[in-house]
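Student: what follows is a predicted protein model with its sequence.
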2 protein chains.
Amino acid sequence: MPESIPLTDLQIELMRALWSKDEATVVEVHQEISKQRDLAQGTIATLLNRLEKKGAITHRTEGRQFVYRALVSEAEVRRSMLAQVADRLFGGDVPLLIHQLLAEREVSPGDLAEVKALIAERETGTKRKPAK
Amino acid sequence: MPESIPLTDLQIELMRALWSKDEATVVEVHQEISKQRDLAQGTIATLLNRLEKKGAITHRTEGRQFVYRALVSEAEVRRSMLAQVADRLFGGDVPLLIHQLLAEREVSPGDLAEVKALIAERETGTKRKPAK
DNA sequence: TGAGTAATACCACAACTGTAATACTACAGG
DNA sequence: CCTGTAGTATTACAGTTGTGGTATTACTCA
């Protein structure tokens, strides 16, 4: 596991912009972010810079523009951040966490069915999880 | 909903110490934290101070000691942080989140059963969710 | 070829975090 | 009464974050 860089909210927003399109110039990221909040383009550039220094992204140069690309995948970040919350806040109690989730938000019947299917899978071992 | 103060990891650890015993002196919190990491007592005092300034905790004075108490409940923090992750990182996709959870960690059969029960509850509307 | 313009680089700044040394204060025991 | 000591307050400092102004650079088009 790549040693899981911790990301702040804003940083995650930037990463999302990159994840959503694989590669993006500063301007593109800026546009993406602008849908949510109003930051100067220079700010975005600085933030991307810092993310690069932390190893979360890279860039290549295309003409005079920088084209950024994520180095950590969305899946990795999801994994580590979720694990973080599950462990530190729920003491690893997965059912409790799921309970919280189901209790506090609208979940469509279709989604419930989906979750049930997931559980069935786990139970029958259909999708074998590598024996530890 | 009390406007959900954001907490860092260390801060959550402090809060956990308080949550676990309802009230605690600086020394007690320090002892609790010492199980995990090695911080000076003065550091703990400073951190508790800052948490108080942010409104996450209060204290009363007992003799020359401060007895701290959490103002935000563990449940509230769980709620808001989980919502945070669910929304910002999973785009609100609860099944995806649960999938991640089940895929990445050991879940006992008992826990699976528990989760199934939760879902059944939701489905039958035992705990009625207000029709949207 | 010169000027406008679009990009990035560089620098600044305040707030917050992690961490602790040091100073101050008040009680307990002699 | 004086002093050790246990406890809190004050101050410090470096690193990170959020934010943006200003300087540079390098195309593009007349």
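Tutor: Cool, the structure landed.
Student: can you show me the strands along chain A?
Tutor: A:23-25, A:57-62, A:65-70 (DSSP state E).
Student: of the ones you listed, which is nearest DNA strand D?
Tutor: strand A:57-62 (9.0 Å; Cβ to the nearest atom of the strand). All C-beta atoms are positioned from the backbone trio N, CA, C, and that covers glycine.
Student: return that closest one as PDB; C-alpha atoms alone will do.
Tutor: These are the backbone C-alpha positions of strand A:57-62, laid out as PDB (Å, rounded to 0.1, in the frame of the first residue of the first chain):
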ATOM      1  CA  ILE A  57       0.100  14.100  -8.400                       C
ATOM      2  CA  THR A  58       2.600  14.800 -11.300                       C
ATOM      3  CA  HIS A  59       2.500  16.900 -14.300                       C
ATOM      4  CA  ARG A  60       4.000  17.000 -17.800                       C
ATOM      5  CA  THR A  61       4.500  20.100 -19.800                       C
ATOM      6  CA  GLU A  62       2.500  20.600 -22.900                       C
END
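Student: hang on, A:Ser20 packs against A:Glu32?
Tutor: Yes - the pair A:Ser20 and A:Glu32 passes the contact test of Cβ atoms under 8 Å, sitting 7.2 Å apart.
Student: so where's chain A uncertain?
Tutor: Chain A contains residues with pLDDT under 70 at A:1-3, A:125-132.
Student: near DNA strand D, which residues of it?
Tutor: With Cβ under 7 Å from any atom of the strand as the criterion, chain A meets DNA strand D at residues A:6, A:8-11, A:37-40, A:42-43, A:46-47, A:50, A:54, A:63-64.
Student: how's chain A carved up into domains?
Tutor: Structural domains assigned to chain A are A:9-70, A:74-124, following automatic domain parsing.
Student: could you dump the ones you listed into CSV with mean neighbour count and distance to chain B added?
Tutor: Listed next are these as CSV, based on neighbours: other Cβ atoms under 10 Å in any protein chain shown; distance: least, Cβ to the nearest Cβ, whole Å:
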stretch, mean neighbour count, distance to chain B
domain A:9-70, 16, 6
domain A:74-124, 17, 4
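Student: using TSV, lay out the ones you listed together with distance to DNA strand C.
Tutor: Output for the domains of chain A, formatted as TSV (distance: least, Cβ to the nearest atom of the strand, whole Å):
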stretch	distance to DNA strand C
domain A:9-70	3
domain A:74-124	12
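Student: now those domains as JSON lines including distance to B:Leu82?
Tutor: Output for the domains of chain A, formatted as JSON lines (distance: least, Cβ to Cβ, whole Å):
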{"stretch": "domain A:9-70", "distance to B:Leu82": "15"}
{"stretch": "domain A:74-124", "distance to B:Leu82": "6"}
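Student: of those domains, which approaches B:Asp93 most closely?
Tutor: domain A:74-124 (8.4 Å; Cβ to Cβ).
Student: what's the end-to-end length of that closest one?
Tutor: End-to-end span of domain A:74-124 (Cα to Cα, to the nearest Å): 28 Å.
Student: show me how far it is from its chain's centre.
Tutor: How far domain A:74-124 lies from its chain's middle: 15 Å, per Cα atoms, centre = their mean, to the nearest Å.
Student: got a list of contacts for stretch A:62-76?
Tutor: For stretch A:62-76, the surrounding residues in contact (Cβ atoms under 8 Å, 6 or more residues apart in numbering or on different chains) are A:1-2, A:4-5, A:15-16, A:18-19, A:22-27, A:29, A:48, A:52, A:55-61, B:89.
Student: mind doing that once more with 7 Å?
Tutor: A:2, A:5, A:15, A:18-19, A:22-26, A:29, A:48, A:55-60 (Cβ atoms under 7 Å, 6 or more residues apart in numbering or on different chains).
Student: try stretch A:50-61
Tutor: Identification of contacts with stretch A:50-61 by Cβ under 7 Å, 6+ apart yields A:5, A:11, A:14-15, A:18, A:48, A:66-72.
Student: 10 Å instead, please
Tutor: A:2-3, A:5-7, A:11, A:14-15, A:18, A:23-26, A:48-49, A:65-72, A:77 (Cβ atoms under 10 Å, 6 or more residues apart in numbering or on different chains).
Student: center of chain A, which residue is that?
Tutor: What sits nearest the mean C-alpha location of chain A, by Cα atoms, centre = their mean, is A:Glu74, with 4.0 Å.
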